[in-house]
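Student: Show me the folded form of this:
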Amino acid sequence: MPMFEFRCRKCNHIFEEFVFSSNKSTEDLKCPNCRTENPEKLMSAFSSAGGGLQGNGSYSSGSSCGSGGFT
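Tutor: Modelled structure (predicted):
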């Protein structure tokens, strides 16, 4: 059962929801903050294959291959 991130089109509140079917319409979902229907589905950082910006301002490669921290 995948979890997706959504952003309310009215109040910009970002929230997560379990979606039981990939065919389910987001029109059925409501913002937990303002109850507005049809939120925008966001691309989750967890599901992306690339790297991202680290706290020090540099980018990570996003690779999960390697020594696992052991040298």
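Student: Strands along this structure, start to end?
Tutor: 3-7, 14-18, 40-41 (DSSP state E).
Student: Need the winner for burial among these.
Tutor: strand 3-7 (a mean of 17; mean count of other C-beta atoms under 10 Å). (Glycine included, C-beta is placed from N, CA and C.)
Student: by contact count, what packs against that one?
Tutor: strand 14-18, strand 40-41 (3 or more C-beta pairs under 8 Å, 6 or more residues apart in numbering; DSSP states H and E).
Student: on that earlier part again, what's the closest of the strands of the chain to residue 31?
Tutor: Nearest of the strands of the chain to residue 31, taken as C-beta to C-beta: strand 14-18 at 6.9 Å.
Student: Parallel or antiparallel, list what pairs with the closest one.
Tutor: When pairs are called by DSSP bridges, strand 14-18 turns out to pair with strand 3-7 (antiparallel).
Student: residues in contact with the strand it pairs with?
Tutor: If you take C-beta atoms under 8 Å, 6 or more residues apart in numbering as the criterion, strand 3-7 is touched by 13-19, 26, 29, 31, 39-42, 44.
Student: could you dump the strands of the chain to JSON lines with mean pLDDT?
Tutor: Listed next are these as JSON lines, based on pLDDT from 0 to 100:
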{"stretch": "strand 3-7", "mean pLDDT": "91"}
{"stretch": "strand 14-18", "mean pLDDT": "91"}
{"stretch": "strand 40-41", "mean pLDDT": "92"}
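Student: since we're on residue 12, how many residues are nearby?
Tutor: 11 (other C-beta atoms under 10 Å).
Student: And the pLDDT at it?
Tutor: Note for residue 12: predicted pLDDT of 96.
Student: any idea how far residue 20 is from it?
Tutor: Noted for residue 12: a distance of 26 Å to residue 20, by C-beta to C-beta, to the nearest Å.
Student: re the thing from before, want to throw the helices and strands packed on strand 3-7 into a markdown table with distance to residue 5?
Tutor: Below are the helices and strands packed on strand 3-7 laid out as a markdown table (distance: least, C-beta to C-beta, whole Å):
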| stretch | distance to residue 5 |
| --- | --- |
| strand 14-18 | 5 |
| strand 40-41 | 8 |
